[in-house]
Every structure is written in structure tokens, then in C-alpha cells.
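*Asks:* Sequence first, then the predicted structure:
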Amino acid sequence: MTTTKIQSASTVSPAPTGTGSRGTKVLGGFALVFLVIAVVYGLFISPPDAQLGNTIRIIYMHVPTVMAAYLAFIITAVSSGMYLWKRTEFWDLLGSSAAEIGVLFFAVTIVDGALWGKVTWGVFWRWEPRLTTSAVLLIMYIGYLAVRAIPADPRTRATRCAIIGIVAIVNVPIVHKAVDWWRGLHQGKTVLGTIDPEMGGTQLFAMYSSLIAGLLVCVWLLIHRFRAGFLAERASDLGLDQALEERRLESSPATGEDA
Amino acid sequence: MSQSGGVLSDAVLVARKDLLLERRAKIGIGQVLPFAILVLLLFAFALDPDRGILKLATPGLFWVTVLFSAVLTLQRSFALEAEDGILEALRLSGMSPAGIYLGKVTALTIELLLLEAVLVLGVAVLYDTKFLGIPLLFAIALLATLGIAGAGAVYGALAARLRSRETLLPLLLLPLLAPVLIAATRGCEVSLEREAMSGWSWAALLGIFALVYLTLGSFLFRPLLEDA
Amino acid sequence: MSAIVHLRSAVALIGRFPALAGVNLDVHAGEILLLRGPNGAGKTTLLGVCAGLIGLSTGEAVVLGEDLTTNRRAVRRRVGLLGHDSFLYQDLSVVENLDFWSRAAAATVADGRAALDRLGVASRLFELPVHSLSAGQRRRVSFAAMICRRPELWLLDEPHAGLDSAGRDLVDGLMSEAATSGATVLFASHELDRAEHVAHRSVTISGGVILDETPPSTETRADS
């Protein structure tokens, strides 16, 4: 017999008191170590680039944030598809948590991209293809979060978000292509958001350690956000048994009140 | 259980109903179209016509106007379905969600194409634009409009039952349509002979966009109708 | 004889509010069952569940032999729901609405006309837009749009509301006729004098549960 997908509050195992666990502590530790390595190598040990000079140090930050953002959006898309298929709370929470993290990293990407632009071109914004694409995608996912924030029945909200998650990811390559062609006639090869194959030893090391640090931080935040979301859902569920009880009491004549 | 006449006949039924509604209520022709022409005038006030800026920017201004008008048309088209329990009635009717979706898209495409036709005349008169490369222009208008309607119907339906739908729909839809704006604008510039690049590659990009969203919408409309 | 509607411990949430808090109900073929209860008791939600529009979060629901916990869509074609909303496009005329909804439900345009006739909608109203009709006239058109589908299960939410006494007599007649010809009627009403007259049986719902529960009878478990 197919019965419920909603977990009743009484079956929830003892409530955790936080979002941390041994796993996340170890993960967080690794993230911290790689962050330190990335800072030390990226800012101090590695030499300035032959062409980019010291601005390459911004790229050590830029590439990991953009990669982490895309990773998060891919997780959102996969979770959205899985939600529409499986209809479980897990995929809904994973998708929405990843979308939040993605927006965060994308915002950072755009800020450090603009800083790089200020140093390199003397202006914060040029219609550089990668930055432009990022700006469009950022607003697209802000729309996702806006819908997420609208109070609704959990299944309704999850369905809306899943649909946006899928539509948005499909648009990513299309925006890329359109923006590339759009700027293609006016500008040469883009520098931001690519790893130069001619990077030297310590530069490459700084690049990869910051990349690992960025992805670890992303996953670490994602796990915590997911758990916070899960706890919030459990908190809302807590009232359910009681609400059912109260609802049934409405009918007993003892209360005597109008419904 | 056999469904009534299948996706196609459901689509025809819904599209005819929507066009009939437009004929009865005349919101498109009486409100959206005057708004679109007003926007064309406002652009002329903002960008001095004597210095040629207006002429240079014509394709872009045209498509921005179309996008804004599309948002209004979509709001109207899906507000109708959200009133008076119509959504429940549609779910009860047993029509296929893909059919309903394709019907809405068809009606929207026809309405927007008519709007564009009038706007083109407006642009020709107000901005003194000369049109070359007519086949390309037609292809771009058709494919871009299909894409706008295809993606717009998904988000229009999603936003229809939300209290904040007026503000939410443009926020969701316009970033999604950014590639359509780019491709349609550039494609038109080619057909007005301002760009060297082949306009047909822009048309192809628009075609891919339309195809992707029509496919996606056909699949997503069932959960959209059921649960969103 | 099999149960057309079979609900056991049915819980339905509207948002996080338990509108149905464990409903047990059997409605038999050919029966006219009156659903009584105060405002907010869960009548409308119960009708929505039977129509396959609202899902259960726990419990069993079998309507017209379809298990609603696994598939809510199959049953929709076979029920007719008359709700609080008109289910009509306000800007379309009476016949345009009927043509659309009858064809949407795989009935014919002629079925729609016949239904309008049956409900006593005067032909001078046919070309008028629905928004210009009076509440009672609109109710009749909604009713016509429902019966042109030839539903096996009628789900009526306040069918008498907004109608004059001739209209109410008409509705009562339609319900009895439907039951005689093999359909089943489940309706909610506050007009108890009239409703109890036409109903074969009545149950009271309050606080999301049926108060006078039908004892889980043995003879009705033939299907499911």
C-alpha cells in the first residue's frame, strides 16, 4: 500500500542540535588548510605573471569561485530533475541549498571580476563575455531564490523550484553561446575564467590549491545549508501531530465554539 | 483510459479558445499594442533622433519593446487561467498538459507576431528604417517569438497563482530571454546590413532556443499544472 | 454493490493545515449522499480529494475503482465537480464556454447544448458573455458544463447556492435523475430542509473527520 511521504514528527530520530558532524569538521579542516596554502602561494610565493603581472593573483580567486558556482548550479539542476522524478524532500532541500551557495559564489565571482577589470582596464565593468554571462545567470538564480522565499505548501514550492532549476541550467550554454558571439566580433580571447596552460610551477600550484580550497568550501557550506534546511522542515513538521489533534477536537461538542 | 483527441487537438482547442478570448476582450490590441507604441515614442525622446543614435539602436529597441509587451501578454494570458477555478477545471478536463502548453504557446506566438508586425510599421515610420533581407527578418521574428512564447508560457504558468506575479514574472523571464534578445537584435542588424556576420547563424541559435524550450515546456507542464 | 468512494483514515493537508484529519467514508453506487457540517469543516477539501485534485498525505482513497494514492489523474475524467468557482471564462459567451469545456472533456458540442437546455438556460442568454450573467444564471451554466461530461460521480459543493426556487427544484430533479440512471452523487449543503429531502443518506463532517461514521460494512469491500 502506498502511504505517505510526509514523515510524521513522532518518527524523527532524536533531533540534532546543530548542523556540524565529524565529517563536516574534517572537511572544514581540509578546506582551511588548502585556503591557507592558496593564500600563501597565491599572494606571496608565486611570482607575478609575465603578461598579467600581479593581477594574476585575482585570478587565483576568480577561477575557484566561478567553478564552485557552476558546481552548485549543476547540483541544483540534477536535484531538480531528481525531485520531479522521486518527489522526496532530500532532493528539494539539496537543490535549494545548492542554489543559495551558487548565488553566493557567483556574486563573489562578479565582484572579483570587476576588481580585476578595474586594475587591468581601469574600469570596473567591460562587456567581457564571461562577466556578462555571469551577471545574467546570477539574476536568473536570484529569481529562483525569490520563488523559494514565497511561503507555500512544501510540495508546491518544491515543484516550482525544481522547474526553475531545470529551465535555468538548460539556459546556461545558450547564454554562453549568445554572449560569446555577441562580443566575438569586438574582442579577442578572454582571460578571465580560464587556466593558462603556460603557467609556471608555483603559479600552477597556487591555482590548483585555491581551486581545491574553493570546491571544499563550497561542499562544506552546502552540507551545512542542507542540514539547516532539514532542521527547519522538521521544526515545521513538529506542529503536525498537534494540528491533527486540534483539528479533530474542533468537532467535539465540548469545545462548544463555532468552527 | 483513452485521452480525448491527443496532444494536437487539445492544443488546437486551447489556442482557438485563447484567440477567441482576445477577440472578445481585446486586451492585446486595446492595451498592449498602444503600450508598445508608447515605448517606441519614449525611446525616441530618450535618444535624440537627430544624432542618429535612434537609428543605430533600432533593432535593439524593437526587441526590448517586444520583450516588455510579451511580459504583459503573458501576465494576461495566464491570469485568465488562474481565475474562477479554471486551473482546477483544466486539470479535471483530462486534456493533456502538453496540449494545453502548446495551445497557449501557439496563441501567444500568433498574438505577438501580429504585435510585431504593427511595431515594424511603427519603427519604419517613426524611426525611418529601411528593411533589407526580408526572408531573414521573417525567420528571425518567427523563431524569436516562438522562443519567447515557449519559455514565457512555462514561467507565466508558474507565476500565475502567486500573489507577487506582476513583479516575479519579469524577474524570472527576462534573464532567461537575454540570449533571444541578443540573437534577435544581432540578426536584425545583419538584415539591415550593419553586421558582417551571417545572420542565419543567429537564426539558428534562436531556432535551437525555441526547440529546447518547447520540448522542455511540454514535459514540465504536467508538474506545473499539478503541483505548482 | 461496490463502493464508489472509499476513504479510510484519509488525511489531507492544505499547506500545513490538516483540512481532513482522518476521514472514513463509503459512498455506494447510485446513492445520493449529503455532506453536512459547519464552515471550515473540510467539505470542500473532501470533494476535492474525491475529484483527484487534492492528494492525501496519509490514508487510503479509492474512487470509481481508481486508487488515488497511486494515480489521481485517471479518475478526473469520470467525475463532475461543481465548486464555489464558476469554472467559466468570464469574457467568453455562454455557448463559447460550453463548446470549449464539452470538447475539452471529449464530449461533443451537441452535448453542451443539450446540457444548457436541460438546465433551462434561455437561448437569449447564449451569446452573452458570462460576466454579464446574474449569479443564478451563471450557476446554471456551470452546472451545464459539469453534466455535459456525463460524469459517473457527481461532486457538488453547495449546488443550491444562488439559485431561485425553480432552480433548486431543477437541481434536485437532476440529482435524483442522475442517481436513478446509475450515477452517484455526493453533495455538500447548508440548505438542510431541502437537501435532506433529496438525499438518501447524510453524514456530518466536522473538524476534518466524519462524526457519524458508517460502520466499516462488510458488504462494500467487493472492489478496491
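*Replies:* Okay, I see it.
*Asks:* so where do the helices sit in chain C?
*Replies:* Counting by DSSP state H, chain C has these helices, from start to end: C:43-50, C:94-104, C:109-118, C:135-147, C:165-180, C:192-198.
*Asks:* Would you mind saying which of these lies nearest residue A:154?
*Replies:* Proximity to residue A:154 (CB to CB) singles out helix C:43-50 among the helices of chain C, at 17.2 Å. Yep, even glycine has a C-beta here, placed from its N, CA and C like the rest.
*Asks:* ok, and what's touching that closest one?
*Replies:* Under the contact criterion CB atoms under 8 Å, 6 or more residues apart in numbering or on different chains, helix C:43-50 has outside partners C:5, C:7, C:10, C:12, C:14, C:19-20, C:23, C:25, C:35, C:37, C:54-56, C:61, C:63, C:68, C:79, C:81, C:83-84, C:153, C:155-157, C:186, C:188, C:205, C:208.
*Asks:* go with 6 Å
*Replies:* Identification of contacts with helix C:43-50 by CB atoms under 6 Å, 6 or more residues apart in numbering or on different chains yields C:5, C:12, C:19, C:20, C:35, C:37, C:54, C:63, C:155, C:157, C:188, C:205.
*Asks:* do the same with stretch C:4-11
*Replies:* So stretch C:4-11 is in contact with C:20, C:22-27, C:29, C:50, C:56-63, C:153, C:184, C:224, going by CB under 6 Å, 6+ apart.
*Asks:* May I see the PyMOL selection of the buried members of those?
*Replies:* The buried subset of these, as determined by 16 or more other CB atoms under 10 Å in any protein chain shown, is captured in PyMOL by this line:
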select buried, chain C and resi 20+22+23+24+25+26+27+29+50+56+57+58+59+60+61+62+63+153+184
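*Asks:* Quick one: residues contacting residue C:210.
*Replies:* Contact analysis of residue C:210 by CB under 6 Å, 6+ apart lists C:23, C:25, C:203.
*Asks:* swap the cut-off to 7 Å and go again
*Replies:* C:23, C:24, C:25, C:203 (CB atoms under 7 Å, 6 or more residues apart in numbering or on different chains).
*Asks:* Dig out what the closest residue to the third one other than its chain neighbours forms beta bridges with.
*Replies:* What it means is residue C:25. Among residues not flanking residue C:25 along the chain, residue C:7 sits closest, at 4.5 Å (CB to CB, 6 or more residues apart in numbering or on different chains). Residue C:7 has these beta-bridge partners by DSSP bridges: residue C:25, residue C:61.
*Asks:* Can you list the residue ranges for helices in the stretch 51-200 of chain A?
*Replies:* For the stretch 51-200 of chain A, applying DSSP state H, counting those that start in this stretch gives helices covering A:56-86, A:89-121, A:129-148, A:154-184.
*Asks:* Adding distance to residue A:37 and mean neighbour count, write the ones you listed out as CSV.
*Replies:* Output for those, formatted as CSV (distance: least, CB to CB, whole Å; neighbours: other CB atoms under 10 Å in any protein chain shown):
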stretch, distance to residue A:37, mean neighbour count
helix A:56-86, 11, 22
helix A:89-121, 19, 21
helix A:129-148, 26, 21
helix A:154-184, 31, 21
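*Asks:* residue in chain C nearest to chain B?
*Replies:* residue C:85 (2.8 Å; CB to the nearest CB).
*Asks:* Was I right to think that residue contacts residue B:84?
*Replies:* Yes: between residue C:85 and residue B:84 there is a contact at 4.9 Å, judged by CB atoms under 7 Å.
*Asks:* Just want to know which of those two has more residues nearby.
*Replies:* Set side by side, residue C:85 and residue B:84 show more neighbours around residue B:84, with 21 against 16, by other CB atoms under 10 Å in any protein chain shown.
*Asks:* Quick check: the more buried one touching residue C:88?
*Replies:* Yes: between residue B:84 and residue C:88 there is a contact under CB under 7 Å: 6.2 Å.
*Asks:* ok, now which ones touch the closest residue to chain A within chain C?
*Replies:* Proximity of chain C to chain A (CB to the nearest CB) peaks at residue C:207, 3.1 Å away. Counting by CB under 7 Å, 6+ apart, residue C:207 makes contact with A:247, A:248, A:249, A:250, A:251, C:21, C:41.
*Asks:* can we see that at 8 Å?
*Replies:* Residue C:207 makes contact with A:247, A:248, A:249, A:250, A:251, A:252, A:259, C:21, C:41, C:42 under the criterion CB under 8 Å, 6+ apart.
*Asks:* Out of these, list just those in strands.
*Replies:* Taking DSSP state E, the ones among the contacts of residue C:207 that sit in strands are residue C:21.
*Asks:* What pLDDT does the model give the closest residue to residue B:19 other than its chain neighbours?
*Replies:* The shortest distance from residue B:19 to any non-neighbouring residue, by CB to CB, 6+ apart, is to residue B:107 (5.4 Å). Looking at residue B:107, its pLDDT reads 97.
*Asks:* Closest to residue B:72 out of the contacts of residue C:207?
*Replies:* Nearest to residue B:72 out of these is residue C:42 (CB to CB; 39.3 Å).
*Asks:* Okay, now the unreliable bits of the chain?
*Replies:* No chain was given, so I picked chain A. Under the criterion pLDDT under 70, the flagged ranges of chain A are A:1-16, A:184-198, A:252-259.
*Asks:* not quite, I wanted chain C
*Replies:* Looking along chain C with the criterion set at pLDDT under 70, you get C:1, C:213-224.
*Asks:* how about 80 then?
*Replies:* C:1-2, C:212-224 (pLDDT under 80).
*Asks:* and it, which residues reach chain A?
*Replies:* C:11, C:13-19, C:21-22, C:38-41, C:55, C:57-60, C:67, C:69-70, C:206-209, C:211 (CB under 8 Å from any CB of the partner chain).
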